[in-house]
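J.: Take this sequence and fold it.
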Amino acid sequence: MERLTDGVCYVGVNDHQVDLFEGQYIVPNGMAYNSYVILDDAVAVIDTVDKSKTEEWLGQVEQALSGRCPDYLVVQHMEPDHSASIEAFVKKYPSVTLVGNAMTFLMIGQFFPGMTVEHKQVVKDGDVLSLGGHALQFVFAPMVHWPEVMMSYEKTEKILFSADGFGKFGALDVQEEWACEARRYYFGIVGKYGAQVQNVLKKAAGLEIRMICPLHGPVLKEDLGYYLNLYDVWSSYRPEAEGICICYTSVYGHTKEAVDLLQEELHRAGAGKVSCFDLARCDMAEAVEDAFKYDRLVLATTTYNTDIFPFMKTFLHHLLERGYQKRTVALIENGTWAPSAAKGMREMLKNARELTVLEPQITIRSALSQENREQIAQLALRLTTPGC
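T.: The predicted structure follows:
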């Protein structure tokens, strides 16, 4: 338990047992499941935690309550890493009133089919829950990133309880730079819903915010403009920085040789920041992160069954379902008798908005030819030319 202000406590927990968050994202530094308590004339607990940490969390809450009983449990988000301990909480504090919107209670019925909710308060966007000196104004955030999501703005101390917004991977007992794991979290989990995030940012612009309390990651207390600006950049799909992300697959090493040569040529041309990912071996979420972070992307892959090599196809699917746009892309393909990977990549990319595909593409027939080497040198120059 940590006291954030005189009336607000952090009662979250760290999880170092989880290996894949949401069954797919590697989390080497674990996860934090955040929960908060507001102590006033009435007591409100904001969100619960994953079922693996229920007992530890209940102990944290009990410590913060100091013998008091909670009046409200505010349910901002029904994803199980935040809602799985609702039933245990209600059993321990049967007089508590659950606060949520209509869709919240629909989902509670689905996740807890045997649980009876005896005390509930259904709220609408903009409604205010008075706790005494504190008051929670509910800010609905549908599809950031589930349809029932709402945030809670505490009007007295100017705190935004932001649900999954402004969250990141990583437990709170590990020191690491915020933006990298917040970016990977955002584009992996929230990235598809940029328009909805923009809507919430417009609502937030009308609030005086002194502190942001997300459901994952650290409480944000200083330089809030930095975090708000990054969310604006990410959710509007603008490149965050100048740089080149290279993503490739290679079966027998020839396409990798082309990528290695391209990196050498880029270095020679003074390209600046270049990141490179072997899609068959890397954490693909890291590759997705850098593809969105930088303004230029190189896709190099082999033809496989007259189509795109599977790892590249999966990668492109990850990009496109998250709204990839507003970038410059270069294509390199390899094929011995019928190279067609570039055609497949073009087909996948054709509906991406404001995407510039550099011409001509590079086609390798088996191994690098002298012509290919010259083409790669020219591509490096193109990629390092302003406004390429």
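
J.: How many neighbouring residues does the residue nearest to Tyr10 when sequence neighbours are not counted have?
T.: Ranked by C-beta to C-beta, 6 or more residues apart in numbering and with sequence neighbours excluded, the top spatial neighbour of Tyr10 is Glu2, at 4.3 Å. For every residue, glycine as well, the C-beta is placed using N, CA and C. Using other C-beta atoms under 10 Å, Glu2 has 13 neighbouring residues.

J.: so Ala271 touches Pro386, yeah?
T.: No: Ala271 is not in contact with Pro386 according to C-beta atoms under 8 Å; the separation is 12.0 Å.

J.: quick one, which of the two is more surrounded?
T.: Ala271 (19 against 5).

J.: Please identify which helix or strand holds the more buried one.
T.: For Ala271, there is no helix or strand it lies in under DSSP states H and E.

J.: Tell me how far it lies from Ala367.
T.: 25 Å (C-beta to C-beta, to the nearest Å).

J.: Can you read off the pLDDT for the closest residue in space to Asp278 that isn't next to it in sequence?
T.: Counting by C-beta to C-beta, 6+ apart, Asp278 lies nearest to Tyr248, which is 6.4 Å off, once chain neighbours are set aside. pLDDT recorded at Tyr248 is 98.

J.: Which residues are in contact with Tyr248?
T.: 255-256, 259, 276-279, 298-301, 312, 332 (C-beta atoms under 8 Å, 6 or more residues apart in numbering).

J.: So which of those residues is the closest to Ala287?
T.: Phe277 (4.0 Å; C-beta to C-beta).

J.: Please, which helix or strand holds that closest one?
T.: Per DSSP H and E: strand 274-278 holds Phe277.

J.: that older thread, show me how to select, in PyMOL, the buried members of the contacts of Tyr248.
T.: Buried residues among these (16 or more other C-beta atoms under 10 Å), as a PyMOL selection:
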select buried, resi 255+256+259+276+277+278+279+298+299+300+301+312+332
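
J.: now the helices for this structure?
T.: Counting by DSSP state H, one finds helices in the chain at the ranges 54-65, 80-83, 86-92, 102-111, 178-185, 194-205, 224-235, 254-268, 284-293, 310-321, 341-349, 370-383.

J.: Adding distance to Ile38 and mean pLDDT, write the ones you listed out as a markdown table.
T.: Output for the helices of the chain, formatted as a markdown table (distance: least, C-beta to C-beta, whole Å; pLDDT from 0 to 100):
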| stretch | distance to Ile38 | mean pLDDT |
| --- | --- | --- |
| helix 54-65 | 10 | 97 |
| helix 80-83 | 17 | 96 |
| helix 86-92 | 15 | 97 |
| helix 102-111 | 19 | 97 |
| helix 178-185 | 25 | 97 |
| helix 194-205 | 20 | 96 |
| helix 224-235 | 20 | 97 |
| helix 254-268 | 52 | 97 |
| helix 284-293 | 34 | 98 |
| helix 310-321 | 37 | 97 |
| helix 341-349 | 48 | 97 |
| helix 370-383 | 52 | 97 |
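
J.: Figure out which of these is closest to Ser35.
T.: helix 54-65 (6.3 Å).

J.: can you pull the buried residues of that closest one?
T.: Applying 16+ other C-beta under 10 Å to helix 54-65 flags Thr54, Trp57, Leu58, Gln60, Val61, Ala64, Leu65 as buried.

J.: Could you pull up the residues touching Trp41?
T.: Quick fix: residue 41 is Asp, not Trp. Leu131, Gly132, Gly133 are the contacts of Asp41 under C-beta under 8 Å, 6+ apart.

J.: wait, which of those is closest to Val37?
T.: Of the contacts of Asp41, the one sitting nearest to Val37 (C-beta to C-beta) turns out to be Leu131, at 10.9 Å.

J.: residues in contact with the closest one?
T.: Ile38, Asp40, Asp41, Ala42, Val43, Ala44, Asp71, Tyr72.

J.: check contacts around the residue most central in space within the chain.
T.: Closest to where the C-alpha atoms of the chain average out (C-alpha atoms, centre = their mean) is Tyr186, at 1.8 Å. By C-beta under 8 Å, 6+ apart, the contact list for Tyr186 reads Tyr231, Trp234.

J.: burial count for the closest residue to Ser95 other than its chain neighbours?
T.: Spatially, and ignoring its direct neighbours in sequence, Ser95 is nearest to Cys69 (6.4 Å; C-beta to C-beta, 6+ apart). Per other C-beta under 10 Å, the neighbour tally for Cys69 reads 11.

J.: Contacts only, for Cys69.
T.: With C-beta under 8 Å, 6+ apart, Cys69 has these contacts: Val43, Tyr93, Ser95, Val96.

J.: With pLDDT and neighbour count as added columns, please give these in TSV.
T.: Output for those, formatted as TSV (pLDDT from 0 to 100; neighbours: other C-beta atoms under 10 Å):
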residue	pLDDT	neighbour count
Val43	98	22
Tyr93	97	19
Ser95	96	10
Val96	97	21
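
J.: now, which of those sits nearest Glu181?
T.: Nearest member of the contacts of Cys69 to Glu181, counting by C-beta to C-beta, is Val43, at 32.2 Å.

J.: Surely that closest one and Gly67 touch.
T.: No: contact between Val43 and Gly67 fails when scored by C-beta under 8 Å: they sit 11.0 Å apart.

J.: Isn't Lys168 up against His216?
T.: Yes: with contact defined as C-beta under 8 Å, Lys168 counts as touching His216 (6.0 Å).

J.: ok, the two, which is more surrounded?
T.: Taking neighbours as other C-beta under 10 Å, Lys168 and His216 compare with His216 leading, 26 against 22.

J.: now that one, nearest residue through space, not along the chain?
T.: Gly167 (3.4 Å).
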